[in-house]
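In: What would the 3D arrangement of this be:
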Amino acid sequence: MSEPSDQTPTPTDDPARAGSSIDTVLGKIVVERRLLSQTELDDCNEAILTRAQSSAPTTLADLLVERDFVTRKQLDRLRGDADTAKTSSQLPGYEIIRQIGKGAMGKVYLGRQLSLNRLVAIKEMKKLDASQNAVQRFLREARIGAKLSHNNIVQFVEQLQVDERLYLIMEFVDGDTVKDRIDSRKPHPMGEDECLQIILQMAQALDHAHGRNILHRDIKPANIMMTKAGVAKLADLGLARDMKEDAELARQEAGKAYGTPWYISPEQIRGREDLGPPTDIYGLGATFYHMATGKVPFDGTTQTDVFHAHLNGRLVQPDQRNDKLSEQSALIIETMLQRDLLKRYPNARDLIEDLEVCIANRKRPAGSHSVPLPHAKPEIDLSRIATGTFGGNGGESVQVVRKEAEGPLSNPLVMTMVVLLALSIAANLGALLAWLL
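Out: Okay, here's the model as predicted:
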């Protein structure tokens, strides 16, 4: 059943009984804020009834402006407050405190769960204002959220429907996002230790989600929320899907690119149907790169340009953009961003193990031996070192010339000399054998 229109009040013999109308809530607010008296409000309500009976309906909002009680700018703010108050009166078990966000699918409110006296975030969608696909996506987000329970994932509380409105009740995170932190430190990157701790927590969140067949598909800085205590929480399951139960959805979306351009994986760009855990690891790797360098791994003037760069562009090594970044962190990022799925981390567990080793190494005394990463290995292309060509080749994998952790071969010039010497020896041996024969 649809709600009464805000523009056409329902006639009644008693103006005070129009409790379901937005006008009643608005009237209460303007009186409480002393923008007009109760007597003036009663006069406005009488005028609304008179106009409705004479086929010239109006609303309290328009009448307040017409009689110069409020300006249009004030009215816009009052309407928002009235809508919030009306939502609160309709949502059983919850009190709406204020609106804290607005997106394409609806509004987000800060609320209070009365039974437990705790703050929650409330996402609202008006079914009449949304497409069927949007409604299904909203409901799928609730279904998937109910399957996850992890300290590093925003907790789902419940899903409600009141008349034609859908609500998702979620944990309220009082803090900022990783995007906020990146933006606030421009043009400088975030600190490496801070990055590692956040990425480790996100890898643990993905390990939990993937273990329950849930793929997020939209890992990015804006979807990582940070509490004031420094706990990272993965948010927004709007694009998430169950890798087993949503097979039909995967077929419907085949050939289409879903995700955020700067953090989307190559296989998402191609619209592949068989997405898996490495897809989220790529998005987290692009996020890690952005945090640690202050720049996205691939950029362009258009979305098409960015997509093409993900597919074919040369990855600038993160420690070339930020020379303070450790070699092991850079190697982890590069492995997360491998285009070739066989070279990327296959699961979040392997990534967690590398991150834990990297973090432990950074706590070792200066000059002590570092433990090698158990999974990420440097990819050394001797032919490119020998010829001095470091440009992209447009191939499938990101070509990485990564120096060794220790020893004289860590210097590319020394490595080049070794290769040239080996070639010279081979050539001389060949000539000697030819002479002997």
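
In: going forward, measure contacts and count neighbours with C-alpha atoms only.
Out: Noted.

In: Return the distance of A47 relative to K179.
Out: 50 Å (CA to CA, to the nearest Å).

In: Could you do P266 as well?
Out: From P266 to K179 the distance is 22 Å (CA to CA).

In: neighbour count winner among the two?
Out: Set side by side, P266 and K179 show more neighbours around P266, with 24 against 17, by other CA atoms under 10 Å.

In: contacting residues around that one?
Out: F307, H310, L311, R339 (CA atoms under 8 Å, 6 or more residues apart in numbering).

In: Backbone dihedrals for the first one, please?
Out: This means F307. For F307, the backbone dihedrals are phi -60, psi -40 (criterion: degrees, to the nearest 10).

In: That one reaches Q268, doesn't it?
Out: No. If you go by CA atoms under 8 Å, F307 and Q268 don't touch, sitting 9.9 Å apart.

In: Which one's more surrounded, the two?
Out: A direct count of neighbours by other CA under 10 Å for F307 and Q268 places F307 higher, at 24 against 20.

In: per-residue pLDDT, that one?
Out: What the model reports for F307 is a pLDDT of 96.

In: Excluding chain neighbours, what is closest to T71?
Out: V65 (5.8 Å; CA to CA, 6 or more residues apart in numbering).

In: And that neighbour, what's its pLDDT?
Out: 85.

In: Now find how far off-centre stretch 115-130 is within its chain.
Out: 19 Å (CA atoms, centre = their mean, to the nearest Å).

In: quick one: buried residues of stretch 32-39?
Out: L36 (16 or more other CA atoms under 10 Å).

In: got a list of contacts for that stretch?
Out: Counting by CA under 8 Å, 6+ apart, V30, V31, F69, V70 sit against stretch 32-39.

In: Check the residues you listed for burial and list the buried ones.
Out: Counted by 16+ other CA under 10 Å, these give V30, V70 as buried.

In: Tell me which two in the contacts of stretch 32-39 are the farthest apart.
Out: By the measure CA to CA, V31 and V70 form the most distant pair in the contacts of stretch 32-39, at 12.0 Å.

In: returning to that earlier point: can you give me the neighbour number for the residue nearest to T71?
Out: The number of residues packed around V65, counting by other CA under 10 Å, is 15.

In: can I get the CA coordinates of the helix or strand hosting it in PDB?
Out: Per DSSP states H and E: V65 is located in helix 60-66. Output in PDB follows, covering the C-alpha atoms of helix 60-66 (Å, rounded to 0.1, in the frame of the first residue of the first chain):
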ATOM      1  CA  LEU A  60       1.500  23.000   4.800                       C
ATOM      2  CA  ALA A  61       5.000  23.400   3.300                       C
ATOM      3  CA  ASP A  62       3.700  25.600   0.500                       C
ATOM      4  CA  LEU A  63       1.400  27.500   2.800                       C
ATOM      5  CA  LEU A  64       4.300  28.300   5.200                       C
ATOM      6  CA  VAL A  65       6.300  29.800   2.400                       C
ATOM      7  CA  GLU A  66       3.200  31.600   0.900                       C
END
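
In: Remind me what that helix packs against, helices and strands.
Out: helix 22-32, helix 38-53, helix 72-90 (3 or more CA pairs under 8 Å, 6 or more residues apart in numbering; DSSP states H and E).

In: Test my guess that D305 contacts D299.
Out: Yes. If you go by CA under 8 Å, D305 and D299 touch, sitting 7.3 Å apart.

In: Please compare these two by neighbour count and tell me which comes out ahead.
Out: Neighbour count, other CA under 10 Å: between D305 and D299, D299 has more, with 18 against 15.

In: My read is that the more buried one contacts G313, right?
Out: No. Look at D299 against G313 with CA under 8 Å: they stay out of range, at 9.5 Å.

In: In the chain, mark out all the strands, start to finish.
Out: 94-103, 106-113, 118-126, 156-162, 165-171, 175-177, 214-215, 224-227, 232-234, 241-242 (DSSP state E).

In: Could you give the separation of the last one from the chain centroid?
Out: When you say that, I think you mean strand 241-242. Put simply, strand 241-242 sits 16 Å off its chain's centre (CA atoms, centre = their mean).

In: So which residues make contact with that strand?
Out: R140, I144, N213, I214, L215, H216.
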